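Visitor: this is the structure alone, sequence omitted:
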C-alpha cells in the first residue's frame, strides 16, 4: 500500500479542522449558557447556567493550551520545551471522572517535536479507551539524547481501529486521511521527524504505543 502523502495546504487545512472540532463543543456550551442568562430570571436556573459557562470555559482553555503544544508552534523554532509543561496540559485536558493519567519520568527539556509526539501519542491512547480508563505515560532516556516514550491505555474494550493501526505504522493511502484521521497521520510525521520508530500493540483491555529512538553510532559500536 502506498504511504499517504499530503500537500502542505491539505495538512494545514485538516489540522485546523481538527483543532476547531475540539474547541467547538465547549464554546457552544458557553453560548448556550449566556443565552439562558440573557432571558432567565429564576436564580436557580441562572446558577446552573453560570456553572455551565464556568466549566465550559475551563474546558475550552485546556483544549486550546493542549493544541498549542501538540499542534502549534509553541516557543521559538529550535527551542526546547519542558516536559513538565506537557504534563500540565495533558492533566488539564484529561481532568474528568472517566480518565486517570499517570505520568512517570523525571522532568526534562526536550525538542519541540518530541513534546508534540508525546502529546499526540496521549491523544491516540485516549481515543482507544472512549469509555475512559487509565493512561500511563513513561518517559526515559538521558536529557541530551532523544526520549524513549511509552504510553499505555487500559480500559474496557481498549483497542485501535484497523485504520488507525495502519496509519500509525505508515501503511496507509492518501484516501484514508481525512479530518477524523489527520491527528493519527500527524503523529507518524512527528515520529519520522524525530527519527524514532513508532509501534502500536494491542492486548485484551490495553493499547500500548512506543516511540523508540534510532540507535546512535556509539550504541551500534
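Guide: That came through, no problem. What you see is a predicted model; the values in this text were computed from it and never measured.
Visitor: what about the helices in this structure?
Guide: Assigned by DSSP state H, the chain shows helices spanning 8-39, 43-70, 83-93, 112-127, 162-168, 182-193, 217-220.
Visitor: just the angle for the longest one relative to helix 43-70, thanks.
Guide: It stands for helix 8-39. Here helix 8-39 points in a direction 160 degrees away from that of helix 43-70 (axes from the mean of the first three to the mean of the last three CA atoms, to 10 degrees).
Visitor: looking at this structure, which helix or strand does the model trust least?
Guide: Sorting the helices and strands of the chain by mean pLDDT, DSSP states H and E puts helix 217-220 at the bottom, at a mean of 50.
Visitor: for residue 103, find the nearest of the helices of the chain.
Guide: Among the helices of the chain, the nearest to residue 103 by CB to CB is helix 83-93 (5.0 Å). Where C-beta positions appear, they are placed from N, C-alpha and C, glycine not excepted.
Visitor: show me the shaky parts of the chain.
Guide: The model of the chain has pLDDT under 70 over residues 1-3, 74-78, 97, 143-144, 216-221.
Visitor: again, 80 this time
Guide: Filtered on pLDDT under 80, the chain yields the residue ranges 1-4, 40, 73-79, 96-97, 142-146, 162, 170-176, 215-221.
Visitor: what's near enough to touch the closest residue to residue 100 other than its chain neighbours?
Guide: Spatially, and ignoring its direct neighbours in sequence, residue 100 is nearest to residue 134 (4.7 Å; CB to CB, 6 or more residues apart in numbering). Residues in contact with residue 134, defined by CB atoms under 8 Å, 6 or more residues apart in numbering, are 99-100, 102, 153-155.
Visitor: lovely, talk soon.
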